[in-house]
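Asks: Here is the input, now give the coordinates:
(3 chains)
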Amino acid sequence: MDKFKVVMNLVQKRQTTLGLGLIPLLTAGAEHVFSTFAFKCPCSEWSFLYGTVSLLVPAAALLILGYMLSNKTWKLFTGLCLNKSKLFRFKSMCGCLCVFLQITMTAMVAPVSWIAIALLNGVYFECIITGSNVTHLKSYLCHGRSDSCQTELHKLPCDKTAADRDAILTTIRAQSQVVGWLVIASIMLSSLLLTCVARCHSPVSYLQLKFWKAYSQKESNFFDSYATEHAKKLAERNIKSFFEMRTPESQATPPRYAWEKIS
Amino acid sequence: MDKFKVVMNLVQKRQTTLGLGLIPLLTAGAEHVFSTFAFKCPCSEWSFLYGTVSLLVPAAALLILGYMLSNKTWKLFTGLCLNKSKLFRFKSMCGCLCVFLQITMTAMVAPVSWIAIALLNGVYFECIITGSNVTHLKSYLCHGRSDSCQTELHKLPCDKTAADRDAILTTIRAQSQVVGWLVIASIMLSSLLLTCVARCHSPVSYLQLKFWKAYSQKESNFFDSYATEHAKKLAERNIKSFFEMRTPESQATPPRYAWEKIS
Amino acid sequence: MDKFKVVMNLVQKRQTTLGLGLIPLLTAGAEHVFSTFAFKCPCSEWSFLYGTVSLLVPAAALLILGYMLSNKTWKLFTGLCLNKSKLFRFKSMCGCLCVFLQITMTAMVAPVSWIAIALLNGVYFECIITGSNVTHLKSYLCHGRSDSCQTELHKLPCDKTAADRDAILTTIRAQSQVVGWLVIASIMLSSLLLTCVARCHSPVSYLQLKFWKAYSQKESNFFDSYATEHAKKLAERNIKSFFEMRTPESQATPPRYAWEKIS
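Replies: Numbering: from 1, shown residues only, chains lettered A, B, ... in the order given. Have a look, this model is predicted:
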């Protein structure tokens, strides 16, 4: 039982890391299901558009979902428009950008996983390349093959009996995987560098940062519980005074300027 | 139950060793899955690039992941840039390099496993070698074989009916395994020598080192629990004073210079 | 339950012996997996190098691993370089060599098992012998057979239809097993003799040696628990004094020369 607690503690400590590690796995599963059951290259002039949309739009949807599910986004945007003075001060704008970059980095995990896994899979890229109308690309792929190759290129993913089918498709898949690995490596490298630079310019030391993180989490927890408690009291007082038709007892609620200050 | 505790104790003691032993196993599993399901040599002029990227880029990604998941990296980098005097003193720079080397050694476990297992497997190396354009290599592999061998070499991994296919491919796989074993042996030897030299120049004796390791682990544990406790108190005080609209009672928090000193 | 305790007790007493007995079994399993799935003789001029590397380099890697996992290695090496006087005294140098020999004997268990099991298996030896360029060996193996035997010898392990294949290969396997048994016997004999000589020159009697072994194990256990306890106290004191911003109470820790003396 004691050992179980240790494990739970470890899981709780590494929550963020585990959560961020779970997202790519879930995305990979979703991508696998989608590419197996739903994706089917039309092998016509729609191939390019279909492939591009299937590759990029789910990623965009995941990015938007990431923004919507992040508390930080709403903390940042709420009341920003009415607070013109705050918006146009240089320092706070810089801070806003920093926070926005942080949110973006977290929200990018799922869409980048989607694109990378889709590229490693290769079927989307296959459909995009064979359906594209760039003559240069076509002549490169059909270099040294039969004359009908260029005109029949967009039919390749469906036509299982075409000449040189395997040769062309495996080349396209190889390109797709190369692009996928490069995407993964470059995203990871840039996020490592960004975090390094951010940490490097941090005015506080490592342990103090750790303490402030613990503090802000606790503060958020306590705020939730105290706010619920306070709201409950206030609501009960108001409803009670309505049914008993008495003027409500005065109960102190912090004024608006105090709320603005703590946000 | 008592014996179970002994086993758990042993596991906890040897945590680092077991963890480092688990990483190669996980990497081997991932490598096996990838080489079985996703890797497919294109057998064209893309073979060389594809094989190289599939061999090296995942290793680079694993290295970056290793750096990102290491606490020591962030402990080293946090606030380093603002602390110019710290950076340019010779002694602390040397210490930084030492710590960085330590982190690198731990982070290298996964990528080296990936490369070594991929080389022992042989399919990546096969693809790289048959796709390379080095005439010297080609003439060496085709020494004493048919004339078409050199021009058809890059098609070997796909074309199952080619003459001399088995003879050439098994030779390439043998070379791959030889290179893989040499990589493993040289990495292990160099890490043994590095650790030996580092330990040899350690100013403290073995038992004292053991004591300091135990101390630093305990200190880190205590810091976590005390910091959480302190953060909890501070947060509760602040939130309470906000809802009750009173000025918060003063609660002592260590000043910044103290934090810098202990980091 | 009582019988179970007796068994557990026996296991605990014979821990070292059982551990040393488990290593060859694990090595044998690893060797079996490797020779079945990864080892494939190339049957070309690479055969000799491939076989030799596959036989010896894993053994070297296991030897290095054995050194790295041994506590005694680090106890011996820690701080050795800074302690020149210790290094150049004849007696302590002799002692160092003795300890190193002891560590080597323990670390040799896994690599010797690997080589012995690989030789008993025979496929590595087959590959090495048929790929070697020694004419004397070739003429011996082909004595009284067809003329093409010598030139085609390196193709034997792959070519299943060659004449005299079975006769030559079983001979080579028999030689391999003979060499394997001789390796096992000679290693066991030499380790027996070494231990005999070492014990023979021991200044203390058998029972006293047994007592000292028990003593040193208990000492090590007590050191671990007391050091952990001391580290815990020290860490708690320091962290507490940091958060309460008081100067820490003085707590006695043994000075460095005391640590050196007990190591």
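
Asks: Count the residues that sit near A:T135.
Replies: Each residue near A:T135 was counted by other Cβ atoms under 10 Å in any protein chain shown, and the total is 9. Quick note: C-beta positions are derived from backbone N, CA and C, even for glycine.

Asks: What confidence value was assigned to the residue lying closest to it once chain neighbours are set aside?
Replies: Spatial nearest neighbour of A:T135, chain neighbours left out: A:Q150 (8.0 Å); criterion: Cβ to Cβ, 6 or more residues apart in numbering or on different chains. pLDDT recorded at A:Q150 is 78.

Asks: The one helix or strand A:Q150 maps to: what's the following helix or strand?
Replies: Here A:Q150 is covered by helix A:148-152, with elements defined by DSSP states H and E. As assigned by DSSP H and E, the chain's next helix or strand after helix A:148-152 is helix A:165-200.

Asks: Please identify the buried residues of that next one?
Replies: Going by neighbour count (16 or more other Cβ atoms under 10 Å in any protein chain shown), the buried part of helix A:165-200 is A:168-181, A:183-185, A:187-188, A:191-192, A:195-196, A:199-200.

Asks: And the helix holding A:Q150, how far out from the chain middle?
Replies: In terms of Cα atoms, centre = their mean, to the nearest Å, the centre of helix A:148-152 is found 40 Å from the chain centre.

Asks: same question, stretch A:34-45
Replies: 24 Å.

Asks: That stretch: which residues count as buried?
Replies: A:S35, A:F39, A:C41, A:C43.

Asks: Looking at the residues you listed, which are in helices?
Replies: Secondary structure assignment by DSSP state H places A:S35 of the buried residues of stretch A:34-45 in helices.

Asks: quick one on the thing from earlier: could you list which of the buried residues of helix A:165-200 also contact chain B?
Replies: A:170-171, A:173-175, A:177-178, A:181, A:184-185, A:188, A:191-192, A:195-196, A:199-200 (Cβ under 8 Å from any Cβ of the partner chain).

Asks: what about the biggest helix by length in chain A, near chain B?
Replies: Assignment by DSSP H gives helix A:206-243 as the longest helix of chain A. Yes - interface with chain B: helix A:206-243 contributes A:206-211, A:214-215, A:217-219, A:221-223, A:226-227, A:230 (Cβ under 8 Å from any Cβ).

Asks: any residue of that helix up close to chain C?
Replies: No - if you take Cβ under 8 Å from any Cβ as the test, helix A:206-243 misses chain C, and the best it gets is 9.7 Å.

Asks: Counting by contacts, list what that helix packs against.
Replies: helix B:206-243, helix B:256-262 (3 or more Cβ pairs under 8 Å, 6 or more residues apart in numbering or on different chains; DSSP states H and E).

Asks: run the last query once more with 6 Å
Replies: Using 3 or more Cβ pairs under 6 Å, 6 or more residues apart in numbering or on different chains; DSSP states H and E, the elements in contact with helix A:206-243 are helix B:206-243.

Asks: Okay, angle between the helix it packs on and helix C:206-243 too, please.
Replies: Here helix B:206-243 points in a direction 30 degrees away from that of helix C:206-243 (axes from the mean of the first three to the mean of the last three Cα atoms, to 10 degrees).

Asks: Could you list the alpha-carbon positions for the helix or strand that contains A:V33 in PDB?
Replies: Assigned by DSSP H and E, A:V33 belongs to helix A:15-37. Presented in PDB, the C-alpha positions along helix A:15-37 are these (Å, rounded to 0.1, in the frame of the first residue of the first chain):
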ATOM      1  CA  GLN A  15       1.600  14.500 -14.600                       C
ATOM      2  CA  THR A  16       2.500  17.100 -17.200                       C
ATOM      3  CA  THR A  17       5.100  15.000 -18.900                       C
ATOM      4  CA  LEU A  18       2.900  11.900 -18.900                       C
ATOM      5  CA  GLY A  19       0.000  13.900 -20.200                       C
ATOM      6  CA  LEU A  20       2.100  15.400 -23.000                       C
ATOM      7  CA  GLY A  21       3.400  11.900 -23.800                       C
ATOM      8  CA  LEU A  22      -0.200  10.500 -23.900                       C
ATOM      9  CA  ILE A  23      -1.300  13.000 -26.500                       C
ATOM     10  CA  PRO A  24       0.900  11.800 -29.400                       C
ATOM     11  CA  LEU A  25      -0.100   8.200 -28.600                       C
ATOM     12  CA  LEU A  26      -3.800   9.100 -28.700                       C
ATOM     13  CA  THR A  27      -3.300  11.100 -31.900                       C
ATOM     14  CA  ALA A  28      -1.400   8.200 -33.500                       C
ATOM     15  CA  GLY A  29      -4.300   5.900 -32.700                       C
ATOM     16  CA  ALA A  30      -6.900   8.300 -34.100                       C
ATOM     17  CA  GLU A  31      -4.700   8.800 -37.200                       C
ATOM     18  CA  HIS A  32      -4.400   5.100 -37.700                       C
ATOM     19  CA  VAL A  33      -8.200   4.500 -37.400                       C
ATOM     20  CA  PHE A  34      -8.900   7.400 -39.800                       C
ATOM     21  CA  SER A  35      -6.400   6.400 -42.400                       C
ATOM     22  CA  THR A  36      -7.500   2.800 -42.400                       C
ATOM     23  CA  PHE A  37     -11.300   3.300 -42.400                       C
END
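
Asks: what sits up against that helix?
Replies: With Cβ atoms under 6 Å, 6 or more residues apart in numbering or on different chains as the test, helix A:15-37 has contacts from A:V109, A:A110, A:S113, A:W114, A:I117, A:A118, A:N121, A:V123.

Asks: what element comes up after that helix heading to the C-terminus?
Replies: helix A:47-69.

Asks: so how far is that next one from its chain's centroid?
Replies: In terms of Cα atoms, centre = their mean, the centre of helix A:47-69 is found 11 Å from the chain centre.

Asks: what do you get for stretch A:32-43?
Replies: Taking mean C-alpha positions (Cα atoms, centre = their mean), stretch A:32-43 and its chain are 22 Å apart.

Asks: What of stretch A:71-87?
Replies: For stretch A:71-87, the distance to the chain centre is 21 Å (Cα atoms, centre = their mean).

Asks: buried residues in that stretch?
Replies: Neighbour-count burial for stretch A:71-87 flags A:T73, A:L76 (criterion: 16+ other Cβ under 10 Å).

Asks: picking that back up, check the spacing between the residue nearest to A:T135 and A:F125 real quick.
Replies: Distance, A:Q150 to A:F125, by Cβ to Cβ, to the nearest Å: 19 Å.

Asks: Please point out which parts of stretch A:25-33 sit buried.
Replies: A:T27, A:A28, A:A30, A:E31.

Asks: And the third one, how far from chain B?
Replies: Applying Cβ to the nearest Cβ, to the nearest Å, the value for A:A30 to chain B is 17 Å.

Asks: confidence score at that residue?
Replies: 91.

Asks: A:G180 is in contact with A:A116, isn't it?
Replies: Yes - the criterion here is Cβ atoms under 6 Å, and A:G180 meets it with A:A116 at 5.2 Å.

Asks: any shared contact partners between these two?
Replies: Among the neighbours of A:G180, none is also in contact with A:A116 (Cβ under 6 Å, 6+ apart).

Asks: picking that back up, show me which of the buried residues of stretch A:34-45 is closest to chain B.
Replies: Nearest to chain B out of the buried residues of stretch A:34-45 is A:S35 (Cβ to the nearest Cβ; 12.7 Å).

Asks: quick one: the closest one and A:G131, what's the gap?
Replies: 16 Å.

Asks: Over to A:T104?
Replies: Separation of A:T104 from A:G131 (Cβ to Cβ): 31 Å.

Asks: Tell me which of these two has more neighbours.
Replies: Remark: of A:T104 and A:G131, A:G131 carries more neighbours, 24 against 14, as counted by other Cβ under 10 Å.

Asks: okay, that one: pLDDT?
Replies: 85.

Asks: Give me the nearest residue to it, chain neighbours excluded.
Replies: Spatial nearest neighbour of A:G131, excluding adjacent residues (Cβ to Cβ, 6+ apart): A:S47 at 2.4 Å.
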